[in-house]
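Got a predicted model here, sequence first, then my questions.
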Amino acid sequence: MKKHNITLIPGDGIGPEITSAAVQCIEATGVDIQWDIQNAGLDVFKKTNDLLPQCVVYSIKKNRVALKGPLTTPVGSGIRSVNVALRMELDLYACIRPCKLLEGARSRYKDIDIVVVRENTEDLYAGIEFNYGTGEALKIAELISSLGIKKNISNSAISIKPISELATRRIVRFAFEYAVKNNRKKVTVVHKANIMKATDGLFLWVAREVAQQYQEKVEFEDRIVDNMCMQLVQKPELYDVLVLPNLYGDIISDLCAGLIGGLGMAPGANFGDNIVVFEAVHGSAPRYKGMNKVNPTAMLLSSVLMLQHIQEKKAAERLYNAVADVIKEGRYVTYDLKGKTDIASAVGTSEMADAIIERMRR
């Protein structure tokens, strides 16, 4: 049996609880994994003043595969996201977020099976920002004025949205290659090129060019992002693989998670050329820290993606089927998977993991 070396980042908030549940379930599949446990995020920052210690980056580069718990990102001010920093440091340019509805999950829909492919390194997420009232922001405003652009932004905070031909070409090609390898039928590029003619216009132009190389294998279409939101709410069954710039990808993937029962059901993976980091889509939910309450499904399905990636496909299938069976049965599941009249019978994170392990043993 092959032994796999994998970096494990427990995360903060609810991260250690759902990561522990995932590790127990993965080990119950019988796959031989040597975990290299590394810590990053807010708890580490409080002790070392460093959100992302270099030892974490080194471990991931060495092992090339990591399973990461959620890490806290403060809203509006303070430190930047360690998740974004990790993607930038390792050039994890493609984020995959499969949204498949499992029987038993609480949803208004049926037969949802959409994969969101999000560009991870550019757009307004690139972190090129200038705070209100600073000399840098005033210099940018003066430069804009000197170019003859008649917009007064001297009293503004400023963010810059870079979209490159190179990054667009590789994310769209990644989406088409994913579609071909996974027998998907259609790729939809999502943009706002009717308004953002330079940046989203480039994204759409490159996408159309790449699509021509796959026209015999995969159908292609484009949608404006606001219309895409309406379409996904009204008729999500029409969509298959979506490829989007960074910010739209972040927003649309949460919308798609809502179609399948919420963020607790949505797995994710961040791909570079030689490195992959698997993680749940949701955040660290610090108010639930230590309560053994949250749904571990997103982390478990991210683990399924990880097992598939390391070619442990039978183990991945066993874990996926066990998760699906437990949710379908609805007996040993967390509160968010229960109906309002049945919520008192909900179990905790660890008990749901135990039920999944027991199901794999049958």
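Happy to help now that I have it.

What does K110 show for phi and psi?
phi -130, psi 150 (degrees, to the nearest 10).

which one is it nearest to, not counting chain neighbours?
In space, and not counting its chain neighbours, K110 is closest to L101: 7.0 Å by Cβ to Cβ, 6 or more residues apart in numbering. Quick note: C-beta positions are derived from backbone N, CA and C, even for glycine.

try L244
Leaving out its chain neighbours, the residue that sits closest to L244 by Cβ to Cβ, 6+ apart is V190, at 4.4 Å.

next one: A126
In space, A126 is closest to P162, 5.5 Å off (Cβ to Cβ, 6+ apart).

do you know how far that neighbour is from L307?
Distance from P162 to L307, counting by Cβ to Cβ, to the nearest Å: 35 Å.

The two: which is more packed in?
A direct count of neighbours by other Cβ atoms under 10 Å for P162 and L307 places L307 higher, at 23 against 13.

Check the more buried one and give its pLDDT.
pLDDT, L307: 98.

quick one: contacts for it?
Applying Cβ atoms under 8 Å, 6 or more residues apart in numbering, we find L307 in contact with I26, T29, V31, K313, A315, A316, L319.

for the stretch 51-200 of the chain, what spans make up the strands?
65-68, 94-100, 113-119, 129-130, 158-159, 186-191 (DSSP state E, counting those that start in this stretch).

Name every strand pairing with the fifth one and say which way it goes.
Sheet partners assigned to strand 158-159 using DSSP bridges are listed as strand 129-130 (antiparallel).

For the strand it pairs with, the averaged confidence score.
92.

same question, stretch 8-18
Rounded mean pLDDT across stretch 8-18 is 93.

do the same with stretch 178-192
97.

start to end distance for it?
24 Å (Cα to Cα, to the nearest Å).

Just give me how far it sits from the chain centre.
17 Å (Cα atoms, centre = their mean, to the nearest Å).

Just the residues contacting that stretch, thanks.
Stretch 178-192 has contacts (Cβ under 8 Å, 6+ apart) with 96, 115, 117, 172, 175-176, 200-201, 203-204, 207-208, 211, 214, 217-226, 228, 239-245, 248, 252.

So for stretch 7-24, what gets flagged as buried?
7-23 (16 or more other Cβ atoms under 10 Å).

Tell me how far that stretch lies from the chain's centre.
That offset, for stretch 7-24, works out to 16 Å (Cα atoms, centre = their mean).

Ok, stretch 311-322 next?
Centroid displacement of stretch 311-322 relative to its chain, using Cα atoms, centre = their mean, is 20 Å.

cool, stretch 226-241 as well?
The mean C-alpha position of stretch 226-241 is separated from the chain mean by 19 Å, Cα atoms, centre = their mean.

State the mean pLDDT of that stretch.
Averaged across stretch 226-241, pLDDT comes to 96.
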